[in-house]
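Visitor: Model the structure of this input:
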Amino acid sequence: MDRDKYRRLFIDEAKEGLALITNELVAVEKAQGAARAGGGAVDHDVAASADSLKARFDGVFRSAHSLKGMAAAMNYHRFANLAHRLEDLADLGRQGQALPAEAYDLLLAGVDVLDGCVTRVEEGDEDPDTGDLPIRVATFVEKLKAGADPAVVVAPPPTPPAAAAAPGSTPPTAVAHLALPPTGDVVVVRVQFAMDASAPQVRAFVVHKALSAMAGFIDSVPSAEGLKQKENPEFLKARLLEVRFATGSAIDEAVEKAKAAQGVQSVSVVVVAPKPDAATDTHKHSADAKDPTAERTIRVRTALLDDLIDSVGEVLLTRARLRALSQRLDLPELSDLVDEVDRLTRELHGRVVAARMTPLSLLAERLPRAVRDLARQQGKSVDFSMIGMDIELDRAILDELQAPLVHMVRNAVDHGHDGDSVRLARGAPATMKLVLRATRDRDRVLLSLEDDGRGMDPAALRARAVSKGLIDKAKADGLSDDASLELICLPGFSTAESVSETSGRGVGMDVVKASLEKLGGALRLKAAPGKGTTMTLQLPLTVAIIQVLVIDVGSESAFVLPVARVEAALAVDDDTVSHASGRDFMRVGAELVPLVDLPALLGLQPLSAPGTAILVRGPDGLVALRVKSIAAQEEVVAKPLGPPLSSVPFVAGAAILADGRAAFILEPQRLAFG
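Guide: Okay, here's the model as predicted:
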């Protein structure tokens, strides 16, 4: 087969499958750990119930099986072999066997190896090597099968003591002396045939013939007639035979007969309500029938969406020029036409932006694994949960947030958690709560990372910054507690006493803050000693097309400020301006706000007239940036700048204005607060 034709599809599908396996494994391990600890308060999404655990193991098994099939079809044999071994190990958990911690380590190690294989496939490797991991996993599975007396974590409702079987009297896949419900319910024996078993319909028919001869047999899905068909597509897809018995039947015997048949992969037993009558059943199937008008999705390369947003930007620019032309010519018909173009353009803009919007879950799917690995490495207990991950952001923002968010999460575990024993000594639970929460706030998204760890001491942060020579003592003494928290974003700042794999180098939060400001967002910090820390990222919904203020700074160069970064704009009046300690201040309400000449900051001729003050907010409060005037408010397409301009901290990008001029997009917080 032509691999190149399907390589991209394999890579995308494999990445999705591996992400799903990782998240399900972390959730199952967390749930089983909580169950072993005595069933304390656990998030409802990972409650240690039999049904939820089985469903998650089913998901792991299905994904591993799909990966195996895709890799085999592409002739990536070593990839397929490892996926098959992981499938075997996941199947033990799916059948109800409690897996030890080492099993999860092996499964996640397998995911890491397969993820590396996908990367090498992307680079052109024809059959990436998986090392000795397939042999290690296979050996581990055989040991579990041979020597374990596993606890059943996925089982029917508890058996009354009088009906309980002696330990070890039945294999893990059988259900010993099932406690049957009142008459009227039915018991279903589910026989799963291996996907690689030959002649599956023939094997299923043999099992059906053996079980249908038993007392209490009701019917089966598929029926005997369905299995006699030359090909039964539905059965061949699932390879599942469900045989229903009346209560009081010899279920143990049925299970043993099914297990003895060749090609059978697993046998399970469930108790269900009676089958609905024909009328009800017909209604149910008609209600559940697939809607032919249901939404369908296709994969689109992000580069195409980027090109599309660029084209929309050109349309927006043309629309603005048409608007200006219609105002000069004063033709009613042209004005009406421009209004219609404006409506259509806004509609097109909205649809293109919607196509670029991606749920936060895509960004956050790797975080549970990162928390799990670091907490395990450091011997700390962390309960990590995520809320509101269905909220959508521009894909460009998600791409930029990946590294900063991982750093923040690792920071919380490394710095926020002071160790299980220390937490217990100060009267806190050993397990630290860590929550990633997303909420909508008008045209912004607030992404908060909250923990109940050790928190931060503003006084200690000031002392640390002074000792490392990052600020002088006089400036440190003048900082408020809120402003002191911002010190962790200074380059070179770190509270770690020594360099480790995760901290101590003073690189991290400054990059997080710079990344947010580059996106037009902001970082807000809230913390107190012993009361935890909350870091809130204020994010725009999209960075592609933004509203800007076109400002006049008294030169031919054009500059704009993002509207989202501006608090207010006020006329500068000599009566409201005062001078103190060599600085200008402007009275805004009852507050004195520093007044900074923006042209002077940009290296241009300072203003001589009062002008207009644009208020922006930073860690120390408001600052007024004085400009000659605000020329207009426009909607522009933001474009990144290449070197050397990309290294200028207060320039966020560039845009083309309605009059055709190129303008620099300024980052006001960087200008005002350095």
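Visitor: Does Val221 touch Glu234 like I think?
Guide: No - using Cβ atoms under 8 Å, Val221 is not in contact with Glu234, being 9.2 Å away. Using the backbone N, CA and C atoms, a C-beta is placed for each residue, glycine as well.
Visitor: So, low pLDDT: which residues of the stretch 1-150 of the chain?
Guide: Low-confidence regions of the stretch 1-150 of the chain, defined here as pLDDT under 70, cover residues 1-3, 33-50, 147-150.
Visitor: tally of neighbours for Pro359?
Guide: When neighbours are counted by other Cβ atoms under 10 Å, Pro359 registers 16.
Visitor: quick one, what contacts it?
Guide: For Pro359, the contacting residues are 389-392, taking Cβ atoms under 8 Å, 6 or more residues apart in numbering as the criterion.
Visitor: Out of those residues, which is nearest to Lys259?
Guide: Taking Cβ to Cβ as the measure, Met389 is the one of these closest to Lys259, at 41.1 Å.
Visitor: between Val221 and Glu234, who's got more neighbours?
Guide: Taking other Cβ under 10 Å, Val221 and Glu234 do not tie; Val221 has more neighbours (14 against 10).
Visitor: Quickly note the distance from the more buried one to Arg244.
Guide: 8 Å (Cβ to Cβ, to the nearest Å).
Visitor: Same question for Ala204.
Guide: Taking Cβ to Cβ as the measure, Ala204 falls 15 Å from Arg244.
Visitor: Compare the two and say which is more crowded by neighbours.
Guide: Legend: neighbour count by other Cβ under 10 Å for Ala204 and Arg244, higher for Ala204 (27 against 19).
Visitor: and the nearest residue to that one once chain neighbours are set aside, what helix or strand is that in?
Guide: The shortest distance from Ala204 to any residue that is not its chain neighbour, by Cβ to Cβ, 6 or more residues apart in numbering, is 4.8 Å, and that residue is Leu241. Under DSSP states H and E, the secondary-structure element containing Leu241 is strand 240-246.
Visitor: Just the CA atoms of that strand, as CSV, please.
Guide: Below are the C-alpha coordinates for strand 240-246, written out as CSV (Å, rounded to 0.1, in the frame of the first residue of the first chain):
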residue,chain,number,x,y,z
LEU,A,240,-20.0,-10.0,20.7
LEU,A,241,-22.6,-12.6,21.5
GLU,A,242,-25.2,-11.9,24.2
VAL,A,243,-27.2,-14.8,25.5
ARG,A,244,-30.2,-14.1,27.9
PHE,A,245,-31.3,-16.4,30.6
ALA,A,246,-34.2,-16.2,33.1
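Visitor: thought Leu367 was touching Met389?
Guide: No - at 9.7 Å, Leu367 and Met389 do not qualify as touching, with contact defined as Cβ under 8 Å.
Visitor: who's more crowded, those two?
Guide: Neighbour tally, Leu367 and Met389, criterion other Cβ under 10 Å: the higher count belongs to Leu367, 23 against 17.
Visitor: Pretty sure Leu461 sits against Ala483.
Guide: No - under the criterion of Cβ under 8 Å, Leu461 makes no contact with Ala483, lying 10.0 Å away.
Visitor: Which of those two has more residues huddled nearby?
Guide: Summary of the neighbour comparison: Leu461 and Ala483, criterion other Cβ under 10 Å, with Leu461 having more neighbours (22 against 17).
Visitor: The more buried one: which element?
Guide: Once you assign secondary structure using DSSP H and E, Leu461 falls within helix 458-467.
Visitor: got the contact list for the nearest residue to Gln262 once chain neighbours are set aside?
Guide: Nearest-residue entry for Gln262: Arg203, 6.1 Å, with adjacent residues in sequence omitted and distances by Cβ to Cβ, 6+ apart. Each residue near Arg203 by Cβ under 8 Å, 6+ apart is listed here: 193, 197, 261-264.
Visitor: again with Phe61
Guide: Neighbour list for Phe61: 87, 90-91, 94 [criterion: Cβ under 8 Å, 6+ apart].
Visitor: right, and Leu334 touches Gln327 too?
Guide: No - Leu334 is not in contact with Gln327 according to Cβ under 8 Å; the separation is 9.6 Å.
Visitor: between these two, who's got more neighbours?
Guide: It is Leu334, of Leu334 and Gln327, that has more neighbours when counted by other Cβ under 10 Å, with 15 against 12.
Visitor: need the contact list for Ile546.
Guide: If you count contacts by Cβ under 8 Å, 6+ apart, Ile546 has them with 520, 540, 562-564, 635-636, 638.
Visitor: ok, now with 7 Å
Guide: Under the criterion of Cβ atoms under 7 Å, 6 or more residues apart in numbering, the contact partners of Ile546 comprise 520, 562, 636, 638.
Visitor: Then Val553?
Guide: Contact criterion Cβ under 7 Å, 6+ apart gives 559, 598-599, 602, 604, 627-628 as the residues in contact with Val553.
Visitor: Kindly recompute the last result at 8 Å.
Guide: With the criterion set at Cβ under 8 Å, 6+ apart, Val553 makes contact with 559, 598-599, 602, 604, 607, 627-628.
Visitor: and those, which two are the farthest apart?
Guide: When the contacts of Val553 are compared pair by pair using Cβ to Cβ, the maximum separation belongs to Phe559 and Leu607, at 13.6 Å.
Visitor: More neighbours: those two, which one.
Guide: When Phe559 and Leu607 are compared for neighbours, Phe559 comes out ahead with 22 against 19, by other Cβ under 10 Å.
Visitor: Reduced to three states, what does that one come out as?
Guide: Classification of Phe559 using DSSP: H, G, I helix; E, B strand; the rest coil returns strand.
Visitor: does it really touch Leu602, like I thought?
Guide: Yes - look at Phe559 against Leu602 with Cβ under 8 Å: they come within range, at 7.4 Å.
Visitor: where in the stretch 351-500 of the chain is pLDDT low?
Guide: For the stretch 351-500 of the chain, residues meeting the criterion pLDDT under 70 lie at 442-443, 495-500.
Visitor: List the residues that contact the one residue sitting closest to the centre of the chain.
Guide: Compute the mean C-alpha point of the chain, and by Cα atoms, centre = their mean the closest residue is Ala364, 2.0 Å away. Taking Cβ under 8 Å, 6+ apart, we find Ala364 in contact with 386, 389, 405, 436.
Visitor: For the spatially closest residue to Thr431 that is not a sequence neighbour, grab phi and psi.
Guide: Of all residues not flanking Thr431 in the chain, Ser381 sits nearest, at 4.0 Å (Cβ to Cβ, 6+ apart). Taking degrees, to the nearest 10, you get phi -100, psi 120 for the backbone angles of Ser381.
Visitor: do His415 as well
Guide: Its backbone dihedrals place His415 at phi -100, psi -40, with angles given as degrees, to the nearest 10.
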